[in-house]
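Participant: build the 3D model from these lines:
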Amino acid sequence: MAGDNTIVLSESVDPTYWTTGAEIIIAPTGFEPMEKEKMTIASIDGNTITLNDTLQFTHLGSEYSLEDGSRSWNISAEVGLLSRNIRIIGQSYPEIGEEQFGARVLVSKFTQDGTEYRGYAKISNVEFVRGGQEGWTDAFDPRYALAFLNHEDSVDNDEYNKESYVKKCAFNYNYNAAIGTFNTNNVLIEDNVVFRTMEYGVRDEGIGNRFLHNLVVLTRFVGIHKDQRQNFFKRGCFYFKESLDPEFKDNAAAGCERAGFAGTGHICSSSKRWSNNVIHTVQDGIFTNTYNPPVEVREDKDCVVFRGFFVYKAYDYAFYLLTHDTVEMEDNIIVDSGVGIHPFLIRPKATTHNLEEKHLRINNTLFVGRNDPSQCDTDAEPSYLWFDKERNNGGTMWPGRNWKGYATGHAGLLWPIFSGIGVPLGKPWVNGKPKSFPLLTGQVYLNDNTFANFNPGQCDGQFDSAIRTNPRGDDMQFPIISTGTKFVNVAESSRVWMDRPIMKLVVNEHCVDMHCDGLKKALLIDTDGEIIGDGIPGTIIADAAYEWEGNPSAGLGYYRVPKTMVTTVSGDKIEYEDKLPNTGIVRNEQCTWVEEWHAYKCHGLDHRLLIIESMDIDTLDRRLSPVAVLANPGADGYIDLINGPQDFSCCFGYACQKRVSNFYSIIATNMMYEIHLTSTPPIHMRYRVK
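Facilitator: Here you go, the predicted model:
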């Protein structure tokens, strides 16, 4: 606790190294990275350490569990030993604070007189003090505290005793990354402690390197450090974006001003299994962005997996997944984060008419909205947010808190975005907003997951949501299919939340003269009724008729129904009440409106996604919408109007609108449908039900 001068370790330590006078680093456990504390051991008695000073901040060290006792997790501050007998020290001089020019060790190769000399390094129990040189981060000249450059393969138990490894070292205050591996393979990096790095903590651009039981505490963001306007990039305490098939077990990252782990994910087909990695006190826990900067493609992964992560106190996203690949997730724990999982899968562009079957599958994952619902320090803003607000106008933050007048708080899972790659000027990781048309396929599967402690009446009156639409998915919210979902201490009102469409997008450069479709076409298929709450299979659907004949700016009403739908072959008008008296997605007498969700829960209907696609060459130029989808024409008919994706071209005004003629509708199977277009139908169309 703050004010104490002793700490108790949960594991025994080696008294040979943990001695009086040794320096230690204590990781933060709240949202604020600067709550780390560097201390000196005054005395040690078993697992109890007396410090040279009192603690300024509280560092948690407790076991927590769900109300029903079914799941538990431990939140405890990591403590790392920084002192070693062998030391590599960067010189301290008056200008070092400004120049940030420390010591560096480079392991590489060179050629002289036609002979190649390749270095190797066996480094253990070494302390690096004031290491690295700020700004030199490129792979061709990585001025890190320790860098392996073009080392190529390290061979375990090499016959010439030239294998390389880094074991039990400490990196005690760095002006760049602590460790980097570039064109370096199969190096063991184990049991190391890293304190205070810049931009990156540990960076890997090799193949098959092994990272076991390492601790990184406090990685500063260079955008803040240099006050760079509009630096949108997110590096990580562990940066594995161009790493291939590493081993990653039992590591911890704490106090990362951007991401705890930034990488593309682990190959699904790999025989290695990542496990027991802890990430906390970060802006984003796992940040995946294969869109930009461009990734060097060593091998097409197609499918990546995130397994065995425990992420807590991620202020914005525990998992932000902007990726070309199908994603599998299993055995993860997410606690006290702004958003648990933000799915954003990309490629190929819808205009290519190509289909790549992509999905996100989430298995056996625990989502905890609030670790301790009685404490309101949960949403205390970390100090680095001044940069996001003042320099980036909030662009790199989760935008869904207190969204559009609603007191929205934490969210477990966002409805997925499946989008094309985008335009060259687009930054889809900014605000989580797509910069291209929705894909032609995409689904999320939930299997045996638990949501806990999502409730209304949280701090500042916020209400948390277990499953929520993505407020920036203006064009499409792809379906979620759920089996075995469990709720513990979750109010029924907080199980689902569907955002309302954004009125300001009803303009020429976006959705023109109607609401954008995305937030009115969300679908959740509850295969066992556990989300609905009655144990009966059903569906949850959005209110597609929101503002029908209401606000004129929404552009919705019977006057937008194509005339062909309400005209007989002889030219007589068909009265609306005779053919299409009901509005929105088709429902039956077993559908119930849930005001707290902004959604209907239904039984007895097999709702599915229907994708209508124009295959004609003028798909971008000729507008076909509104498209009218009429279920059960007649006295029980339900009419739904589809606008189509918004304009993503780089100009403004009617003359340059480019809107792909693809239309996403929620239908029910085993029903008669009429579909009418406002314009002349394309010669070639494709219909698919997902």
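Participant: all the helices of the stretch 251-400 of the chain, residue numbers only.
Facilitator: 385-390 (DSSP state H, counting those that start in this stretch).
Participant: do the same with the chain
Facilitator: 96-99, 222-225, 385-390, 576-579 (DSSP state H).
Participant: point out the most buried one among those helices.
Facilitator: Comparing the helices of the chain by mean neighbour count (mean count of other C-beta atoms under 10 Å), helix 222-225 comes out on top with a mean of 19. C-beta: built from backbone N, CA, C; applies to glycine.
Participant: let's test this: mean pLDDT of that helix, rounded?
Facilitator: Averaged over helix 222-225, pLDDT sits at 88.
Participant: equivalent analysis for stretch 283-293, please.
Facilitator: 85.
Participant: from Gly102, how far out is the residue lying farthest from the centre of the chain?
Facilitator: Most distant from the centre of the chain: Ser570, at 55.6 Å, with distances by C-alpha atoms, centre = their mean. Using C-beta to C-beta, to the nearest Å, Ser570 is found at 87 Å from Gly102.
Participant: next: Lys690.
Facilitator: 55 Å.
Participant: of these two, which one has the most company?
Facilitator: Gly102 (25 against 15; other C-beta atoms under 10 Å).
Participant: what about the nearest residue to the more buried one once chain neighbours are set aside, how many residues nearby?
Facilitator: Distances taken as C-beta to C-beta, 6 or more residues apart in numbering put Gly90 closest to Gly102, at 3.3 Å, once the chain neighbours are dropped. Using other C-beta under 10 Å, Gly90 has 21 other residues around it.
Participant: any idea how far Gly90 is from Val194?
Facilitator: Gly90 is 15 Å from Val194, by C-beta to C-beta.
Participant: and Ile421, by the same measure?
Facilitator: 35 Å.
Participant: just to revisit the earlier point, I'd like the helices of the chain as JSON lines, with distance to Gly61 appended.
Facilitator: Listed next are those as JSON lines, based on distance: least, C-beta to C-beta, whole Å:
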{"stretch": "helix 96-99", "distance to Gly61": "34"}
{"stretch": "helix 222-225", "distance to Gly61": "29"}
{"stretch": "helix 385-390", "distance to Gly61": "26"}
{"stretch": "helix 576-579", "distance to Gly61": "65"}
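Participant: mind checking which of the ones you listed is nearest Val507?
Facilitator: In terms of C-beta to C-beta, the element of the helices of the chain nearest to Val507 is helix 385-390, at 25.8 Å.
Participant: same for that closest one, what does it pack against?
Facilitator: For helix 385-390, there is no helix or strand it packs on, judged by 3 or more C-beta pairs under 8 Å, 6 or more residues apart in numbering; DSSP states H and E.
Participant: now that helix: how far from the chain's centre is it?
Facilitator: Using C-alpha atoms, centre = their mean, to the nearest Å, the mean C-alpha position of helix 385-390 is found 20 Å from that of the whole chain.
Participant: and if you look at stretch 465-479?
Facilitator: Centre to centre, stretch against its chain (C-alpha atoms, centre = their mean), the figure for stretch 465-479 is 14 Å.
Participant: can you check stretch 394-409 too?
Facilitator: 16 Å.
Participant: for it, which positions count as buried?
Facilitator: For stretch 394-409, the neighbour count (16 or more other C-beta atoms under 10 Å) marks Gly395, Thr396, Met397, Trp398, Pro399, Gly400, Arg401, Trp403, Tyr406, Thr408, Gly409 as buried.
Participant: same deal with stretch 37-57?
Facilitator: Quick answer for stretch 37-57 (16+ other C-beta under 10 Å): Glu37, Lys38, Met39, Ile41, Ile44, Ile49, Leu51, Leu55, Phe57.
Participant: so what would you say the end-to-end distance of it is?
Facilitator: By C-alpha to C-alpha, to the nearest Å, the extent of stretch 37-57 from end to end equals 8 Å.
Participant: same question, stretch 203-223
Facilitator: Stretch 203-223: ends 18 Å apart by C-alpha to C-alpha.
Participant: again with stretch 47-54
Facilitator: Terminal-residue distance, stretch 47-54 (C-alpha to C-alpha): 18 Å.
Participant: contacts for that stretch, please.
Facilitator: Here stretch 47-54 makes contact (C-beta atoms under 8 Å, 6 or more residues apart in numbering) with 2-13, 18, 24, 39-44, 79.
Participant: for Ile421 and Val194, indicate the residue with more neighbours.
Facilitator: Taking neighbours as other C-beta under 10 Å, Ile421 and Val194 compare with Val194 leading, 31 against 17.
Participant: pretty sure the more buried one contacts Leu215?
Facilitator: Yes: here Val194 reaches Leu215: they are 6.7 Å apart, a contact under C-beta atoms under 8 Å.
Participant: now stretch 673-685: buried residues?
Facilitator: Buried residues in stretch 673-685 (16+ other C-beta under 10 Å): Tyr673, Glu674, Ile675, His676, Leu677, Thr678, Pro682, Met685.
Participant: quick one: it to chain centroid distance?
Facilitator: For stretch 673-685, the distance to the chain centre is 38 Å (C-alpha atoms, centre = their mean).
Participant: just the strands in the stretch 401-550 of the chain please.
Facilitator: 408-414, 417-419, 443-447, 450-452, 463-468, 480-483, 486-488, 496-497, 523-526, 538-542 (DSSP state E, counting those that start in this stretch).
Participant: what of the stretch 151-300 of the chain?
Facilitator: 165-167, 170-174, 179-185, 188-190, 193-198, 202-205, 210-212, 215-220, 236-240, 247-249, 252-263, 266-267, 277-289.
Participant: re earlier: tell me which two in the buried residues of stretch 394-409 are the farthest apart.
Facilitator: Among the buried residues of stretch 394-409, Thr396 and Tyr406 lie farthest apart (C-beta to C-beta), at 21.9 Å.
Participant: where in the protein is pLDDT low?
Facilitator: The model of the chain has pLDDT under 70 over residues 292-300, 377-379, 422-432, 650-656.
Participant: picking that back up, just send the strands of the stretch 401-550 of the chain back as CSV, with distance to Asn183 too.
Facilitator: Output for these, formatted as CSV (distance: least, C-beta to C-beta, whole Å):
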stretch, distance to Asn183
strand 408-414, 37
strand 417-419, 33
strand 443-447, 37
strand 450-452, 43
strand 463-468, 43
strand 480-483, 41
strand 486-488, 46
strand 496-497, 47
strand 523-526, 46
strand 538-542, 50
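Participant: who does Ile346 form a beta bridge with?
Facilitator: Ser419 (DSSP bridges).
Participant: pretty sure it contacts Gly420?
Facilitator: Yes: contact criterion C-beta under 8 Å: Ile346 and Gly420 qualify, at 6.6 Å.
Participant: what do the two both touch?
Facilitator: With C-beta under 8 Å, 6+ apart as the test, Ile346 and Gly420 both reach Ser436, Leu439.
Participant: the residue nearest the centre of the chain and Gly340: what is the separation?
Facilitator: Central residue of the chain (C-alpha atoms, centre = their mean): Tyr320, 1.0 Å from the mean position. Distance of Tyr320 to Gly340, given as C-beta to C-beta: 11 Å.
Participant: now swap in Asp616 and tell me
Facilitator: Asp616 is 41 Å from Gly340, by C-beta to C-beta.
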